[in-house]
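> quick check, what structure comes out for this input:
(chains A and B)
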Number of protein chains: 2
Amino acid sequence: MTSPEAREEAVLEAVRERRELVNEAIPEELPIKRPERLYEASRYLLDAGGKRLRPTVLLTTAEALVDVDTLSVDYREFPTLDGAEIDIMDAAVSVEVIQSFTLIHDDIMDDDDLRRGVPAVHKEYDLETAILAGDTLYSKAFEIMLETGAEPERTVEALDVLATTCTKICEGQSLDVTFEERGDVTPDEYLEMVEQKTAVLYAASACLPAVLLGADDETIDALYGYGLDVGRAFQIQDDVLDLTVPSEKLGKQRGSDLVENKQTLITVHARDQGVDVEGLVDTDDVEAVTEAEIDDAVAELEASGSITYANDKARELVARGKNRLEVLPDNEARELLCQLADYLIERGY
Amino acid sequence: MTSPEAREEAVLEAVRERRELVNEAIPEELPIKRPERLYEASRYLLDAGGKRLRPTVLLTTAEALVDVDTLSVDYREFPTLDGAEIDIMDAAVSVEVIQSFTLIHDDIMDDDDLRRGVPAVHKEYDLETAILAGDTLYSKAFEIMLETGAEPERTVEALDVLATTCTKICEGQSLDVTFEERGDVTPDEYLEMVEQKTAVLYAASACLPAVLLGADDETIDALYGYGLDVGRAFQIQDDVLDLTVPSEKLGKQRGSDLVENKQTLITVHARDQGVDVEGLVDTDDVEAVTEAEIDDAVAELEASGSITYANDKARELVARGKNRLEVLPDNEARELLCQLADYLIERGY
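Take a look at the predicted model:
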């Protein structure tokens, strides 16, 4: 049995290997062209980094499905289950482009200054350009998904997945905005919001290869479920990390969710335990908050058992998600999908 | 030969008849559901009115193509060229939804207060909700276009038209924003911007029925060209009307393009004629400008021949667009498409 550290290092290496390939594909699918400022702004966040977790889930699911050794086949000429060939990398880039579009618009809505350690697009450029850059990525994601070369029936289904996923992301973001003004959000409401805002794009990433490569409905549904489960776990862990990881490493102010009164599974649980969540941090300005204030708030959330509660919930979701992978052939790629699920909740940042 | 007034009345009646059907279809395709505030904001501008010119072009082109009497067949069960049946109304609603999404985001970018005589969405709601409402309409347009029931090959092509159209609209809007800061935009650059920002959605509206009903490529291309021509003419006429129609009738301040230093074919021509275009209106605040200032500016643009120039250009484009319709069977619907083209440049508002 390998150590947790060795397991994490193996996953990170697998993510890195795919990230490099995705990073090569992005400028191919989304070249800077006229009007340059628009395309530069569209590429700004994509080029600033990102772990490419969703593309990694997508590409690895593809490998597990068709039962090939990981990284043994060119993603640009990938075998379908019925012997044809498609460009599965297009699908991977498409979901990353959707992810980037949502980040650009979310940063405007939250008026966040930093993202991935660089200024948000509306800060580096301006509001107009940021809105348009997001809108451009939106349609580009559809254009790119149309280019896999999959059979028309499968392409239609893939676009349906992509469009309904985007709609759900908007619905989830809308709920999230509403929740900021409410003091009575329940854990179930919170988890529904996270499902729509975050988990559906993991679900799309996991099920799209099944759709495009020609798997049956049972497989598509199981993989969608895997994505929903690990996506929710990912968001819960993200909320934990916002409290526990130093600002430099996070690329933004630690505890910013508390400062901005964002609901998280942690605050929703804490309120149930009688914690005065709104009083945890006095200021509502991320520039003004001190590390000591955040430390005190975190200590209180630890004392109420809320951080443990969130960790437990994330673990439960990951366990369920991994079980759903039984639908796949037993191979190295499936094992990697299990490890990825574990990594989402064990990662340090 | 009928009088211009009688011809215009006939077109308006045809537009009204289709508008009613489109207005019935919109709430069916885009019902208000949870989260209600998001869907209410998404529907706000759609429900506030609009002539539904693009859906009218789409539905009438469909009738011309399959050679049926206008309004004689249910758009929800519309015959294709090879004897199947599709819901062509879905395509019509989809382009109107795209149009509405672009208006919501454009109003944010231009910080316009009024649209269709009601507050812009970011004024009636807020910035966050307006961005999200636009994003929701964006994906909904794709979802709705996926529901026509057309053959998968044709649906894939229709989605490709829709996605590339949206990308071009973003590119055109980006050029438009850039042009506001430039004093040397040429008529050709202006017309390219108009093609991308406005005309492509007319082009999509005209060619989508051909794509979905199974017409040949020559027909698809000709109809796309018709839409590009009349769409550019429409925008040029819109720019003329911004100067000549009273504010109450426009639903916004007359001359607002001049106040905001927007380039139009008129200002681009006037600058060529030596007019000090930036000096035409002193203020850059639409709230502060007086009717007398606008009157003087319009008089100067008339004296330089710039308004006549724009009118001539629009007429030339409409004539070319109408010629392209020769590819269609000679029928009542084709005649209506010609009249619609004329109406776009003869309309009083």
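
> poorly predicted segments of the stretch 151-300 of chain A, please.
Applying pLDDT under 70 to the stretch 151-300 of chain A flags no residue at all.

> tell me which parts of it are close to chain B?
Near chain B, the residues belonging to the stretch 151-300 of chain A are A:151-153, A:155-156, A:159-160, A:162-164, A:166-167, A:170-171, A:173-175, A:177-178 when assessed by C-beta under 8 Å from any C-beta of the partner chain. In short, each C-beta sits where N, CA and C put it, glycine included.

> please redo it, this time with the cut-off set to 7 Å
Applying C-beta under 7 Å from any C-beta of the partner chain, we find that the stretch 151-300 of chain A lies next to chain B at A:152-153, A:155-156, A:159-160, A:163-164, A:166-167, A:170-171, A:173-175, A:177-178.

> so how do I select the buried members of the residues you listed in PyMOL?
This is the PyMOL syntax for the buried subset of those, where burial follows 16 or more other C-beta atoms under 10 Å in any protein chain shown:
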select buried, chain A and resi 155+156+159+160+163+164+166+167+170+171+173+174+175+177+178
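
> check contacts around A:A130.
With contacts defined as C-beta atoms under 7 Å, 6 or more residues apart in numbering or on different chains, A:A130 is in contact with A:41, A:104, A:108, A:121-122.

> just the residues you listed: which are in helices?
With helices identified by DSSP state H, the entries of the contacts of A:A130 that belong to them are A:41, A:104, A:108, A:121-122.

> how near is the closest residue to A:P209 other than its chain neighbours to A:L223?
Sequence neighbours aside, A:A62 is the residue nearest to A:P209 in space, at 3.8 Å (criterion: C-beta to C-beta, 6 or more residues apart in numbering or on different chains). Counting by C-beta to C-beta, to the nearest Å, the gap between A:A62 and A:L223 amounts to 10 Å.

> same deal with A:R271?
Using C-beta to C-beta, one obtains 35 Å as the distance from A:R271 to A:L223.

> same thing with A:S94?
Counting by C-beta to C-beta, the gap between A:S94 and A:L223 amounts to 17 Å.

> could you do A:P187 as well?
Computed with C-beta to C-beta, the distance linking A:P187 and A:L223 is 26 Å.

> with neighbour numbers in mind, choose between those two.
Comparing A:P187 with A:L223 by other C-beta atoms under 10 Å in any protein chain shown, the one with more neighbours is A:L223, at 30 against 16.

> list the buried ones in the helix or strand hosting that one?
Under DSSP states H and E, the secondary-structure element containing A:L223 is helix A:217-244. The neighbour-count criterion (16+ other C-beta under 10 Å) identifies A:219-220, A:222-240, A:242-243 as the buried residues of helix A:217-244.

> hang on, isn't A:A203 packed against A:R232?
No - counting by C-beta atoms under 7 Å, A:A203 does not reach A:R232; the two are 9.7 Å apart.

> secondary structure class for A:M89?
Each residue gets one of three states, and A:M89 gets helix by DSSP: H, G, I helix; E, B strand; the rest coil.

> what is the burial count for it?
Using other C-beta under 10 Å, A:M89 is surrounded by 28 other residues.

> can you pull the pLDDT of the nearest residue in space to A:F234 that is not next to it in sequence?
Closest residue in space to A:F234, ignoring its immediate chain neighbours: A:L344 at 4.4 Å, by C-beta to C-beta, 6+ apart. According to the per-residue confidence, A:L344 scores 88 in pLDDT.

> who's in contact with A:L344?
Shown in contact with A:L344 (C-beta under 7 Å, 6+ apart): A:230, A:233-234, A:237, A:318.

> next, it: secondary structure please.
Counting by three-state DSSP, the three-state call for A:L344 is helix.

> just to check, A:T267 is in contact with A:V277?
Yes - the pair A:T267 and A:V277 qualifies as a contact (C-beta under 7 Å) at a distance of 4.7 Å.

> circling back: list the contacts for the residue nearest to A:P209?
Listed by C-beta under 7 Å, 6+ apart, the contact set of A:A62 reads A:78, A:88, A:209, A:213.

> report the separation between the third one and A:L65.
Same thing as A:P209. Distance of A:P209 to A:L65, computed by C-beta to C-beta: 6 Å.

> what does the second one give?
In this view, A:I88 and A:L65 are 10 Å apart by C-beta to C-beta.

> who has more neighbours out of those two?
Of the pair A:I88 and A:L65, A:I88 is the one with more neighbours under other C-beta under 10 Å, namely 30 against 25.

> could you report the neighbour count for the closest residue to that one other than its chain neighbours?
With sequence-adjacent residues excluded and distances taken as C-beta to C-beta, 6+ apart, A:I88 is closest to A:F78, at 4.2 Å. Here the neighbour count serves as a burial measure; for A:F78 (other C-beta under 10 Å) it reads 25.

> need the max-distance pair from the ones in helices among the contacts of A:A130.
Using C-beta to C-beta, those span at most 12.2 Å, a distance reached by A:A41 and A:I108.

> more neighbours: which of the two?
When A:A41 and A:I108 are compared on other C-beta under 10 Å, the one with more neighbours turns out to be A:A41, at 26 against 21.

> wait, that one sits on A:T129?
Yes - A:A41 sits in contact with A:T129 when judged by C-beta under 7 Å, with a separation of 4.8 Å.

> which neighbours do those two share?
With C-beta under 7 Å, 6+ apart, A:A41 and A:T129 have no common neighbours.

> which residue ranges of the stretch 1-150 of chain A form helices?
Residue ranges of the helices in the stretch 1-150 of chain A, as given by DSSP state H, counting those that start in this stretch, are A:4-29, A:36-47, A:53-66, A:88-110, A:121-124, A:127-145.

> thinking again about what came up before, distance check, the residue nearest to A:P209 against A:A10.
For A:A62, the distance to A:A10 under the criterion C-beta to C-beta works out to 20 Å.

> tell me how many other residues crowd A:P55.
Applying the criterion other C-beta under 10 Å, we find 30 residues in the vicinity of A:P55.

> oh, I was asking about A:V161
As a burial measure, A:V161 scores 24 neighbours (other C-beta under 10 Å).

> and it, which of the three is it?
Classification of A:V161 by three-state DSSP places it in helix.

> quick one, what contacts it?
Neighbouring residues of A:V161 by C-beta under 7 Å, 6+ apart: A:204, A:207-208, A:211.

> go again with 10 Å.
Remark: with contacts taken as C-beta atoms under 10 Å, 6 or more residues apart in numbering or on different chains, A:V161 is in contact with A:91, A:95, A:145, A:200, A:203-205, A:207-208, A:210-212, A:220, A:224.

> swap in A:N331?
A:N331 makes contacts with A:63-70, as judged by C-beta under 10 Å, 6+ apart.

> so A:D242 versus B:S256, what's the distance?
Noted for A:D242: a distance of 44 Å to B:S256, by C-beta to C-beta.

> doesn't B:S139 make contact with A:L162?
Yes - shown here, A:L162 and B:S139 form a contact pair, counting by C-beta atoms under 10 Å, at 8.2 Å.

> overlap in contacts, these two.
The contact sets of A:L162 and B:S139 overlap at A:98, A:142 (C-beta under 10 Å, 6+ apart).
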